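Novice: kindly generate the corresponding structure for this input.
(one chain, ligands or ions: 1)
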Amino acid sequence: MTQLSQASKDPGTTFVGVSTKMYLGYRDSLRWLDELRQQVDTRPALAAGRVVPFVIPSFPMLPAAGDIIAGSPLVLGAQNCGWADGPWTGELSPSLLAELGVGLVEIGHAERRRHFGEDDAMIALKVRAADGAGVTPLLCVGEESRGTETTPSTGAAVADSTAGAEGAARFVCGQIEAAVGGDWGLAARLVIAYEPVWAIGAAEPASAAYVSAVVRILRELLGAHGLQGLPVIYGGSAKPGLLPSLDGVSGLFLGRFAHDAANFGKVLDEALSLAARRAPDSEH
Ligand SMILES: O=C[C@H](O)COP(=O)(O)O
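Specialist: Below you'll find the model as predicted:
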């Protein structure tokens with residue numbers, strides 16, 4: 001069992017992760033990974049495991065990244081996977097990723113759904129294969145556009161920062177159900193990255209009120225399957241300052257704004273402060 005799958009069984013765990021997507025080349029990735037390791041090494045409170053940091057570099061970086069983060073609490077992730085060994089030219093099997101020490105793998109990221117035609121059937125195959133190889137699926141879900149609710153009398157847009165949250169939560173719950181083929185036992189082994197598509201690559205994240213509302217309703221829906229405590233982290237232009245304003249969200253999945261490693265450190269501090277507040281007798 002990977003460090004991540006053990007940690008993810010505790011609903012109090014906070015995840016702080018970052019993907020480089022295709023933003024960094026090889027040398028820049030090495031430099032950045034060194035900086036990220038320093039950010040983690042200078043925060044010994046991470047050893048308690050209540051905050052789990054993870055890093056998801058490009059595929060070719062995985063062996064070097066494994067060496068750079070060895071012995072640190074950082075969990076290594078991959079940005080995608082195939083669903084089988086064998087005649088699948090250009091793919092990477094979950095079993096190979098497991099051999100490289102990968103603890104979690106992104107599946108169904110919005111960019112893969114949009115640009116590479118990944119559909120629910122492919123995503124379900126990947127989720128099952130990753131789980132079978134012992135690599136925790138980091139299932140990426142999120143609505144395409146922010147819902148706009150209108151007042152019945154005037155048709156005017158409701159000026160409510162949580163408008164559309166219920167529709168988004170229901171859509172996301174449907175994406176999760178499709179990704180596990182209705183097998184909620186499998187869903188229990190996932191980490192969910194809730195990433196509203198419209199908030200990815202933006203200047204600002206979705207509002208804290210909106211994200212908290214979507215995740216709250218999502219947890220109610222998941223509760224029908226005994227999964228209200230499933231780890232659900234937020235991604236989409238996340239940056240320092242966001243995590244403390246969220247309610248009921250299990251952490252952040254950072255992108256561009258953590259390509260400055262210092263920002264990753266700032267979010268780790270925020271996560272550690274929240275964890276310390278929940279466990280006042282901790283060593284933090
Ligand atoms: O993989 C990370 C997410 O898609 C968020 O990326 P972003 O923070 O650059 O919008």
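Novice: list the contacts for whatever residue of the stretch 51-200 of the chain ends up closest to the ligand?
Specialist: Closest residue of the stretch 51-200 of the chain to the ligand, C-beta to the nearest ligand atom: Ile200 (4.3 Å). All C-beta spots, glycine's among them, are computed from the backbone N, C-alpha and C. By C-beta atoms under 8 Å, 6 or more residues apart in numbering, the contact list for Ile200 reads 110-111, 142, 235-237, 255.
Novice: quick check: it vs Ser95, distance?
Specialist: Distance of Ile200 to Ser95, computed by C-beta to C-beta, to the nearest Å: 29 Å.
Novice: which parts of this structure sit against the ligand?
Specialist: Counting by C-beta under 6 Å from any ligand atom, the positions of the chain adjacent to the ligand are 19, 195, 200-201, 235-238, 253-257.
Novice: looking at these, spot the one nearest the ligand.
Specialist: Among the residues of the chain next to the ligand, and counting by C-beta to the nearest ligand atom, the member closest to the ligand is Gly255, at 2.2 Å.
Novice: closest to the centroid, which residue in the protein?
Specialist: The residue lying closest to the centre of the chain (C-alpha atoms, centre = their mean) is Ala193, at 3.6 Å.
Novice: pretty sure that residue sits against Gly235.
Specialist: Yes. Using C-beta atoms under 8 Å, Ala193 is in contact with Gly235, at 5.1 Å.
Novice: name the residues contacting each of the two.
Specialist: 140, 253.
Novice: buried set for stretch 226-239?
Specialist: If you call a residue buried by 16 or more other C-beta atoms under 10 Å, then stretch 226-239 has these buried ones: 227-239.
Novice: show me where pLDDT drops low in the stretch 101-250 of the chain?
Specialist: 147-159 (pLDDT under 70).
Novice: if we use 80, what do you get?
Specialist: 147-160 (pLDDT under 80).
Novice: quick one, phi psi at Glu204?
Specialist: phi -130, psi 150 (degrees, to the nearest 10).
Novice: burial count for it?
Specialist: 11 (other C-beta atoms under 10 Å).
Novice: for it, which non-adjacent residue is spatially closest?
Specialist: Of all residues not flanking Glu204 in the chain, Ser237 sits nearest, at 5.8 Å (C-beta to C-beta, 6 or more residues apart in numbering).
Novice: now the one you found: which helix or strand?
Specialist: Assigned by DSSP states H and E, Ser237 falls within no helix or strand.
Novice: can you give me the strands for the stretch 151-284 of the chain?
Specialist: Listed in chain order, the strands of the stretch 151-284 of the chain (DSSP state E, counting those that start in this stretch) span residues 191-194, 232-235, 251-254.
Novice: can the ones you listed go into TSV with extra columns for distance to Gln38?
Specialist: Shown next, in TSV, are these (distance: least, C-beta to C-beta, whole Å):
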stretch	distance to Gln38
strand 191-194	25
strand 232-235	23
strand 251-254	17
